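> 3D model of this:
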Amino acid sequence: MYKTIRQILSLTVVGSFLLLSGCSHSDGSSSSVDKEFSTVKRTGIIQSYTAFDDGDYQAGLAQSYTRDNSLEVVVDNTTGLMWQDDGNNLNQEVTFIEASTYCTNMTIGSYNDWRAPTIDELLFLGDRDYFGPAVDTSVFINVANYVYYWSSSEMSLRTGQAWAVYSEAWTDHYRNIPLSNTYHALCVRNTI
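Numbers count the residues shown, from 1 in each chain. Coordinates of the predicted model:
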């Protein structure tokens, strides 16, 4: 059974660092936090550069995707999300509101229930085995590099701004991103 992104990705923000719950360190010792981390995808980082970074934790599920070339979509086998991956990912730029409308109005194959992804869903695609763009480019063949992708998540403390992901390193970005900026849209739908 697929889990929701919130069930899979259990994060605590401390300053600018994210602490993943329920991890064991690469040396075999365990953290004292909750042990549900094994359902989180591995980030691909294997070298530890500082205590408690992704390289320090060697837990989680391997990323697994299935590409349907005829529809130009990718299914995330861990979350059950289906992602748009057609040539439109490379060329269109839209505002925050237009991204939501673009996704809502999209039909691929017989699927017409597309939406803009949350920031968690969008960040969950990141794979540190890749860079420029930092997603699995063997399945996501139409993701542009050096661009921002809108999420559907508005900033809770900054009115009129929203979260976006920068494709080169697949990191979240929120500084001074007015909803009127034009970025790319990457649409998603639930398969269950």
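
> need phi/psi at the closest residue to A134 other than its chain neighbours.
For A134, ignoring the flanking residues on the chain, the nearest one in space by C-beta to C-beta, 6 or more residues apart in numbering is W170 at 3.7 Å. The C-beta positions use only the backbone N, C-alpha and C, and glycine is treated the same way. Dihedral pair for W170: phi 50, psi 50, per degrees, to the nearest 10.

> how far away is V94 from T101?
Distance, V94 to T101, by C-beta to C-beta, to the nearest Å: 8 Å.

> show me which of these two is the more surrounded one.
Each of V94 and T101 has its neighbours counted (other C-beta atoms under 10 Å); V94 has more, 18 against 13.

> need the pLDDT of that one.
Note for V94: predicted pLDDT of 94.

> wait, doesn't it sit right on A185?
Yes - the criterion here is C-beta atoms under 8 Å, and V94 meets it with A185 at 5.5 Å.

> so what sits against both of the two?
Common contacts of V94 and A185 (C-beta atoms under 8 Å, 6 or more residues apart in numbering): Y102, W150.

> with adjacent residues omitted, what lies nearest to T137?
Closest residue to T137 apart from its sequence neighbours, by C-beta to C-beta, 6+ apart: Y130 at 5.7 Å.

> count the neighbours of the one you found for me.
Look at Y130: counted by other C-beta under 10 Å, it has 17 neighbours.

> equivalent analysis for the one 5 residues further on, please.
Neighbours of V135 under the rule other C-beta under 10 Å: 24.

> do R67 as well
Neighbours around R67, by other C-beta under 10 Å: 17.

> repeat that for the one 10 residues further on.
N77: 15 surrounding residues under other C-beta under 10 Å.
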